[in-house]
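**Student:** Could you work out the structure for the sequence below:
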Amino acid sequence: MSDVENTKILRLADILESFVTGQTQLEEAQEAVQSEFDEVSVDEVALAEQELTKRNIKDDVVYNSIEFFLEIFQNVLQATDLEVEDWHPVCTYQRENEAVKQLLKKGDTLSREKFIPNQWAELMEALNQYEMHLSRKQNQLYPAFEKQGFDRPGKIMWTLDDKVSAALRRTAGALEDKKEALFFKNYDELVQLLQDLMEKEDIVLFPTALEMISQDEFLLMREGDDEIGYCLIDTPPRSPVSNQLDKLDRQMEKEVGELDVRQGKLTLQQINLIFRHLPVDLSYVDENELVRFYSDTKHRIFPRSPGVIGRNVKNCHPRESVHTVEQIIEEFRAGRQDEAEFWMEKGGKFVYILYTAVRDDNGKFCGVLEMMQDATHIRSLEGNQRLLTWQKGNESTKKAANKETVASVPNPYGFAPDTVIGEVIKKYPGLRSYLPEISPKYKKLLNPIAFKAMSNIATLEMIAQRGEISVNDLIGKLTQFITERRA
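**Tutor:** Take a look at the predicted model:
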């Protein structure tokens, strides 16, 4: 960066600092920018925001004023060409935003007509897919900024993401409770938050990403996007180098051979298979507080993608929970504690989380191991089971087992193995967006065409088989989810 460019960044930071700390008003900040600069690029705005971090301006202070930043730079902010190839992550985000805008137009039409809950339930199910959009940003895009030394964009945008997520939950809850006035109040707030967030993404976040993140980083990002999923669009085409990366991975596994582990010898492929088939999710953060590993399980409770590798663990959490993360690491590093456990109800699941201090043979702190498990089924177990039973069996065995196990599960809604999924979702619309949290294999249910094709045919037993879980577990999760939403 030249001296002239650096001087410009510092001056922009001065103007922003004066505004966010309350020394100047919005009109004064606008006048200062427009009188001193003919043009300001999005990356210059990002650099100025990052400069505030160096000046110890807290995230909360910036967040309270972030909604006015676009107004400060209006008339001088350079337009950026966002033309990218169809595989590109930014193109994917743009397409998702366009799909959401079309849904909001549909909502605008519905709001002028007679209130029909089922029509709104269908709209809200579709809007709930926006969580996929937010999750990919948090696990893929924000880490890429951090690798370039910019953590402020992700921190601020994540707070806006959380406000949208909370509004989605409030609005869906009011609809399920048939509280019409509250629903429309919440929906109006949701629309405003979505429009504001999408505007900031389109005008600032995405152009800044194209300026600051390399093509190689975007290629890697595309490989991880599929692990989280997409919002209202089909899976984008793979990048031009995807097949080459697959070949390199296979070649590496062949060349490494067997590795000496603490007890025994394993190939790299065997190690990966063991981690993938564990009934728990594992993540490892090293002594420098950087994420080094997570297990690639099929039943992941919270989204993970390759973008988090190498990321500071504090940036992997919403700002409301960062203090807890810092406290755990501090206690582990000092040797005062060795474990911290949490449990919570989330989306019909009982989630158990255990953090363990990792130390070498000399007691030196080497990081933190996070273990996360869906303990819903375990909590439901009673008595003894000493006879061998199979998860997969012949039809007569499965029907007999289902009849016995379903009867033992709290089931106030009358679900049975032969209950048709379409009937369930018609009565409890929020379940459709929840099902992918039970198993990634249920993501196809979010596709309107796929759902329509099977909704009147597939039974809960068939759905359970598809998700590779027992019908007992499926009914238990559906029951718990509905009960929690009604509480």
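
**Student:** center of the protein - which residue?
**Tutor:** Nearest to the mean C-alpha position of the chain, by Cα atoms, centre = their mean, lies residue 135 at 2.4 Å.

**Student:** I'd like to know which elements the helix or strand where that one lies is packed against.
**Tutor:** Assigned by DSSP states H and E, residue 135 falls within helix 130-136. On a contact count with 3 or more Cβ pairs under 8 Å, 6 or more residues apart in numbering; DSSP states H and E, helix 130-136 meets helix 89-111, helix 152-176. (Each C-beta comes from the backbone N, C-alpha and C, glycine too.)

**Student:** In three-state terms, label the closest residue to the residue nearest to the centre of the chain other than its chain neighbours for me.
**Tutor:** Spatial nearest neighbour of residue 135, excluding adjacent residues (Cβ to Cβ, 6 or more residues apart in numbering): residue 303 at 4.5 Å. The assignment at residue 303 comes out as coil when based on DSSP: H, G, I helix; E, B strand; the rest coil.

**Student:** Just give me the neighbour total for residue 303.
**Tutor:** 18 (other Cβ atoms under 10 Å).

**Student:** quick one: it and residue 19, what's the gap?
**Tutor:** 35 Å (Cβ to Cβ, to the nearest Å).

**Student:** And residue 71, by the same measure?
**Tutor:** 10 Å.

**Student:** Of the two, which one has the most company?
**Tutor:** Neighbours were counted for residue 71 and for residue 19 using other Cβ under 10 Å; residue 19 has more, 21 against 12.

**Student:** Just the element for that one, please.
**Tutor:** Counting by DSSP H and E, residue 19 is found in helix 3-20.

**Student:** Tell me the helix or strand right after that helix.
**Tutor:** helix 26-36.

**Student:** Just the C-alphas of that following helix, formatted as PDB.
**Tutor:** Coordinates of each C-alpha in helix 26-36 appear next as PDB, following Å, rounded to 0.1, in the frame of the first residue of the first chain:
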ATOM      1  CA  LEU A  26     -24.300  11.200  10.700                       C
ATOM      2  CA  GLU A  27     -24.600  14.400   8.600                       C
ATOM      3  CA  GLU A  28     -21.200  15.600   9.700                       C
ATOM      4  CA  ALA A  29     -19.600  12.200   8.900                       C
ATOM      5  CA  GLN A  30     -21.300  12.300   5.400                       C
ATOM      6  CA  GLU A  31     -20.100  15.800   4.800                       C
ATOM      7  CA  ALA A  32     -16.500  15.000   5.800                       C
ATOM      8  CA  VAL A  33     -16.400  12.000   3.400                       C
ATOM      9  CA  GLN A  34     -18.000  13.700   0.500                       C
ATOM     10  CA  SER A  35     -15.900  16.900   0.800                       C
ATOM     11  CA  GLU A  36     -12.600  15.100   1.000                       C
END
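
**Student:** Any stretches of this protein with poor pLDDT?
**Tutor:** The chain contains residues with pLDDT under 70 at 1-4, 242-256, 391-410, 449-450, 453, 486-487.

**Student:** quick one, strands of it?
**Tutor:** Counting by DSSP state E, one finds strands in the chain at the ranges 258-261, 264-267, 281-286, 291-294, 339-346, 349-359, 365-374.

**Student:** And those strands: which comes nearest residue 232?
**Tutor:** Residue 232 lies closest to strand 339-346 among the strands of the chain, at 23.5 Å (Cβ to Cβ).

**Student:** which other residues reach the closest one?
**Tutor:** For strand 339-346, contacts defined as Cβ atoms under 8 Å, 6 or more residues apart in numbering pick out 301, 328, 331, 350-357, 375, 480, 484.

**Student:** Would you list the strands that it pairs with, along with their directions?
**Tutor:** Using DSSP bridges, strand 339-346 pairs in its sheet with strand 349-359 (antiparallel).

**Student:** Any chance you could list what contacts the partner strand?
**Tutor:** 284, 301, 328, 332, 337-345, 365-376, 379, 437-438, 477, 480.

**Student:** Identify each buried residue in that strand, please.
**Tutor:** 349, 350, 351, 352, 353, 355, 357, 358 (16 or more other Cβ atoms under 10 Å).

**Student:** do stretch 432-452 as well
**Tutor:** Buried-residue list, stretch 432-452, by 16+ other Cβ under 10 Å: 432-440, 442-443, 445-446, 451.

**Student:** again with stretch 315-325
**Tutor:** 315, 316, 319, 322, 325.

**Student:** of those, closest to residue 196?
**Tutor:** Scanning the buried residues of stretch 315-325 for proximity to residue 196, where the rule is Cβ to Cβ, the winner is residue 319, at 18.3 Å.

**Student:** isn't the closest one right next to residue 160, touching?
**Tutor:** No - Residue 319 lies out of contact with residue 160 (Cβ atoms under 8 Å); the separation is 11.3 Å.

**Student:** burial measure for the residue nearest to residue 348 when sequence neighbours are not counted, as a count.
**Tutor:** Spatial nearest neighbour of residue 348, chain neighbours left out: residue 481 (2.9 Å); criterion: Cβ to Cβ, 6+ apart. Residue 481 is flanked by 22 other residues according to other Cβ under 10 Å.

**Student:** Just list the residues touching residue 481, thanks.
**Tutor:** With Cβ under 8 Å, 6+ apart, residue 481 has these contacts: 347, 348, 430, 431, 434.

**Student:** Need phi/psi at the first one.
**Tutor:** Per-residue torsions, residue 347: phi 60, psi 40 (degrees, to the nearest 10).

**Student:** Now do the contacts for it.
**Tutor:** Per Cβ under 8 Å, 6+ apart, neighbours of residue 347: 434, 437, 481.

**Student:** Over to the last one?
**Tutor:** The contact partners of residue 434, taken as Cβ under 8 Å, 6+ apart, are 347, 348, 481.
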